[in-house]
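okay, sequence plus prediction incoming.
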2 protein chains.
Amino acid sequence: MNTNEFDNRLKEAAGEVEEILRRFLPEETGLQREIFEAMNYSLTAGGKRLRPILMRETYRMCGGTDEYIISCFMAAIEMIHTYSLVHDDLPAMDNDQYRRGRLTTWYVYGEAMGILAGDGLLNYAFETALKALKCLEGEWEGKASGGACPGGGKPGRKFSDSEVLALMRRIWQALSVLAGKAGAGGMIGGQAVDILAEDGNPEDMTEEKLLFIHEYKTAALIQAAMMVGAILAGASEEQVADIEKCAKNIGIAFQIQDDILDVVGDSQELGKPVGSDVQNNKQTYVTLKGMEQSKADVEKLSREAAAILDGFQGEHTFLKQLILTLIHRSK
Amino acid sequence: MNTNEFDNRLKEAAGEVEEILRRFLPEETGLQREIFEAMNYSLTAGGKRLRPILMRETYRMCGGTDEYIISCFMAAIEMIHTYSLVHDDLPAMDNDQYRRGRLTTWYVYGEAMGILAGDGLLNYAFETALKALKCLEGEWEGKASGGACPGGGKPGRKFSDSEVLALMRRIWQALSVLAGKAGAGGMIGGQAVDILAEDGNPEDMTEEKLLFIHEYKTAALIQAAMMVGAILAGASEEQVADIEKCAKNIGIAFQIQDDILDVVGDSQELGKPVGSDVQNNKQTYVTLKGMEQSKADVEKLSREAAAILDGFQGEHTFLKQLILTLIHRSK
């Protein structure tokens, strides 16, 4: 796939995610209209929509075909990602007034509504993912998924109890992985360690702690995205474990590259000043391990991730290119 | 049941909830130990544990017998209730330094950790409720529930696919109700309207808005508790709708009684000054409808709730007394 084709495909995929998200946005109605507005304000603020795209590409690579079920989870993970940004931006956290060139949620709606909108989004992520089980309603004939049968069967065919059960088991496992990776044992844990490190002495930062933050704060949700895709498609336990490793590499390599770009990047391309980490006296992967080692580690992590994907028989040209582009970006 | 028996039974039930909660507390381990500590600090702060008690009593009244499945949901709803308090206490919300005689979470762990601990608890509530589906693991022979079979079957007996499916459907419905009543369409929506009303002109308060706040901020989670109990026990749709109505009455009557006690209560018994609503120029049910009407409405709501319970054949002496005690409390 040449760069042009890839860029078009990525743009198309992001557009499809926007369309899916729009279908799941809460209706801005009732006396509590403003909380729905605040939630939708942040959900529709744009962004690369990488997690839902990674989820669906992994789902397809593993043979998944049902668009309804995967859509529920794609919307859910973007809601979780969005709530984490809404809370991150709060005055008591990073105190940001702008994100993606737009005023942040708390700055527009007030701090209390910023907290509640984040809570609402996290809660709504689970409400949305649970909709994947709508196939339990009706006659199991694909009504909920609008004709396309859950699990990829033919519309109109009635599923046997054991087929339905197998599907339920997948959805339950996907829900559990999503919740686990998003929680205090995952992303929230990474945010907590990051916050405590920022408040502490920079000298106390160790390689172990920095890798923990990169793995939990960033990689955990990428793991959730790709693992949910694999699980819902019916991948084996071993395959899901491979995907978990692959996504961990991607997340960590992405963050090391971030640290590298803060030193060698082009501030115009990055859209932010270079060298801010050094100025802020912040320990990064580069200050801890040196530039050469950092570049070598990104290379190694990225090669491993690509090799794991190549172990899958399903089509993954776009997915692989996406991952390599993400890691080796210059901005 | 005389008052003494009732008090003992209530104390015993609260103790059992403490024990169940303890089993589900996150382990305070790993680099992110402090976030787990902050979550457990608030979860173990005591309280009446009313929602889990209401849930289990409704479950039993409707014929439920499996302790494992209901325990997961009992812990989950208390986690949701607790997270809502942790976030309510934040400086940007009610700015409270004390709750139940203890320093609040944000005051002990800092504001950022207070936000993250609340997020962690909400997320953990879903992680915990999803554990009810552990019965999907193993051989469906009650392994997950420690001998007692999910759904109340005999240990050792293998469930048929259709029995398992019926149980799964209940758990899914329970998860959906829990998520829906806790979210922006439920409790969070009530909190949002309450916050906006507090910031606004007291003259703008209407009966509709006040009832909305009482219903969504307070009654929604009581509805979740009792409806989840009924659903997991296999109650019919009609019965679940009755329970929803009953719990709505309880929540609203409870809040009106709160407004009444702020005028006629004994400040020593209440443990807080009487008349604070009037002093704060706050519109309450009593200022809007008058004392006599308020008392009459509490009476009517409470009678209706009791009548609904009496429509159930299952044992509900304690549950009914609990509800009437809650509504007609003098503190």
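Cool, got the structure.

how about the helices in the stretch 101-250 of chain A?
Under the criterion DSSP state H, counting those that start in this stretch, the stretch 101-250 of chain A contains helices at A:105-109, A:111-130, A:161-182, A:187-199, A:207-213, A:220-232, A:237-264.

for those, give me JSON lines that also has mean pLDDT and distance to chain B.
Using the backbone N, CA and C atoms, a C-beta is placed for each residue, glycine as well. Putting these into JSON lines (pLDDT from 0 to 100; distance: least, C-beta to the nearest C-beta, whole Å) gives the following:
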{"stretch": "helix A:105-109", "mean pLDDT": "98", "distance to chain B": "8"}
{"stretch": "helix A:111-130", "mean pLDDT": "98", "distance to chain B": "4"}
{"stretch": "helix A:161-182", "mean pLDDT": "91", "distance to chain B": "4"}
{"stretch": "helix A:187-199", "mean pLDDT": "95", "distance to chain B": "3"}
{"stretch": "helix A:207-213", "mean pLDDT": "95", "distance to chain B": "5"}
{"stretch": "helix A:220-232", "mean pLDDT": "98", "distance to chain B": "11"}
{"stretch": "helix A:237-264", "mean pLDDT": "96", "distance to chain B": "12"}
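
would you convert those helices into a markdown table that also reports mean neighbour count?
A markdown table is the format used below for the helices of the stretch 101-250 of chain A (neighbours: other C-beta atoms under 10 Å in any protein chain shown):
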| stretch | mean neighbour count |
| --- | --- |
| helix A:105-109 | 23 |
| helix A:111-130 | 27 |
| helix A:161-182 | 21 |
| helix A:187-199 | 23 |
| helix A:207-213 | 17 |
| helix A:220-232 | 28 |
| helix A:237-264 | 20 |
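
residue A:244 contacts residue A:223, doesn't it?
Yes. The criterion here is C-beta atoms under 8 Å, and residue A:244 meets it with residue A:223 at 5.4 Å.

state the distance from the residue nearest the centre of chain A to chain B.
Closest residue to the average C-alpha location of chain A: residue A:51 at 3.3 Å, with C-alpha atoms, centre = their mean. Distance, residue A:51 to chain B, using C-beta to the nearest C-beta, to the nearest Å: 16 Å.

right, and residue A:129 touches residue A:70 too?
No. Contact criterion C-beta under 8 Å: residue A:129 and residue A:70 do not qualify, at 10.8 Å.

between the two, what contacts are shared?
Counting by C-beta atoms under 8 Å, 6 or more residues apart in numbering or on different chains, residue A:129 and residue A:70 have no shared contacts at all.

circling back: and the helices of the stretch 101-250 of chain A as TSV, adding distance to residue B:306?
Below are the helices of the stretch 101-250 of chain A laid out as TSV (distance: least, C-beta to C-beta, whole Å):
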stretch	distance to residue B:306
helix A:105-109	41
helix A:111-130	32
helix A:161-182	37
helix A:187-199	42
helix A:207-213	54
helix A:220-232	45
helix A:237-264	51
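
between those helices, which one is closest to residue B:40.
helix A:187-199 (13.5 Å; C-beta to C-beta).

so the closest one versus helix A:161-182, what angle?
If you take axes from the mean of the first three to the mean of the last three C-alpha atoms, to 10 degrees, helix A:187-199 sits at 10 degrees to helix A:161-182.

contact partners of stretch A:248-257?
By C-beta under 8 Å, 6+ apart, stretch A:248-257 touches A:211, A:214-215, A:218-220, A:222-223, A:285-286, A:294, A:297-298, A:301-302, A:304-305, A:308, A:323, A:326-329.

out of these, which are buried?
Among the contacts of stretch A:248-257, those classed as buried by 16 or more other C-beta atoms under 10 Å in any protein chain shown are A:211, A:214-215, A:218-220, A:222-223, A:285-286, A:294, A:297-298, A:301-302, A:305, A:308, A:323, A:326-327.

show me where the stretch 1-150 of chain A has its strands.
A:98-99, A:102-103 (DSSP state E, counting those that start in this stretch).

tabulate those strands (CSV), appending mean neighbour count, mean pLDDT and distance to chain B.
Shown next, in CSV, are these (neighbours: other C-beta atoms under 10 Å in any protein chain shown; pLDDT from 0 to 100; distance: least, C-beta to the nearest C-beta, whole Å):
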stretch, mean neighbour count, mean pLDDT, distance to chain B
strand A:98-99, 14, 94, 17
strand A:102-103, 15, 96, 17
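
turn the ones you listed into JSON lines, columns for distance to residue B:260.
Below are those laid out as JSON lines (distance: least, C-beta to C-beta, whole Å):
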{"stretch": "strand A:98-99", "distance to residue B:260": "46"}
{"stretch": "strand A:102-103", "distance to residue B:260": "43"}
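
check residue A:145 and give its pLDDT.
pLDDT, residue A:145: 46.

do the one 5 residues further on as well
On the pLDDT scale, residue A:150 is placed at 45.

before we move on, back to that, how about the helices of the stretch 101-250 of chain A, which one is nearest residue B:66?
The minimum distance between residue B:66 and the helices of the stretch 101-250 of chain A falls on helix A:161-182, with 17.2 Å, by C-beta to C-beta.

which secondary structure elements does that closest one contact?
When contacts are defined as 3 or more C-beta pairs under 8 Å, 6 or more residues apart in numbering or on different chains; DSSP states H and E, helix A:161-182 packs onto helix A:67-88, helix A:111-130, helix A:220-232, helix B:111-130, helix B:161-182.

what's the spacing between it and its chain's center?
Centroid separation for helix A:161-182 versus its chain: 18 Å, with C-alpha atoms, centre = their mean, to the nearest Å.

quick check: closest non-adjacent residue to residue A:114.
In this structure, residue A:114 finds its nearest non-sequential neighbour in residue A:106, 2.8 Å apart by C-beta to C-beta, 6 or more residues apart in numbering or on different chains.

is it true that that neighbour touches residue A:94?
No. Using C-beta under 8 Å, residue A:106 is not in contact with residue A:94; the gap is 10.8 Å.

quick one, what contacts residue A:235?
Residues counted as contacts of residue A:235 (C-beta under 8 Å, 6+ apart) are A:62, A:243.

got the residues of the stretch 1-150 of chain A near chain B?
Applying C-beta under 8 Å from any C-beta of the partner chain, one finds that the stretch 1-150 of chain A approaches chain B through A:26, A:30-32, A:34-36, A:39, A:83, A:87, A:90-93, A:110-116, A:118-120, A:122-124, A:126-127, A:130, A:133, A:136.

hmm, try it at 7 Å
With C-beta under 7 Å from any C-beta of the partner chain as the criterion, the stretch 1-150 of chain A comes near chain B at residues A:26, A:31-32, A:34-36, A:39, A:87, A:90, A:92-93, A:111-113, A:115-116, A:119-120, A:122-124, A:126-127, A:130, A:133, A:136.

ok so, going back, what's the closest of the strands of the stretch 1-150 of chain A to residue A:265?
strand A:98-99 (19.8 Å).

counting by contacts, list what that closest one packs against.
Taking 3 or more C-beta pairs under 7 Å, 6 or more residues apart in numbering or on different chains; DSSP states H and E as contact, there are no helices or strands that strand A:98-99 lies on.

show me how far that strand is from its chain's centre.
Relative to the mean C-alpha coordinate of its chain, strand A:98-99 is positioned 19 Å out (C-alpha atoms, centre = their mean).

starting from that strand, tell me which strands it pairs with and how they run.
Strand pairing for strand A:98-99, determined by DSSP bridges: strand A:102-103 (antiparallel).

got a list of contacts for the strand it pairs with?
A:45, A:97 (C-beta atoms under 7 Å, 6 or more residues apart in numbering or on different chains).

sorry, back to before: out of the helices and strands packed on helix A:161-182, flag the one nearest residue B:62.
Among the helices and strands packed on helix A:161-182, helix B:161-182 sits nearest to residue B:62 (C-beta to C-beta), with 11.0 Å.

contacts for that closest one, please.
A:123, A:126-127, A:130, A:133, A:136, A:161-162, A:164-165, A:168, B:73, B:76-77, B:80, B:129, B:132-133, B:140, B:150-151, B:186-187, B:220-221, B:223-224, B:227-228, B:231-232, B:234.
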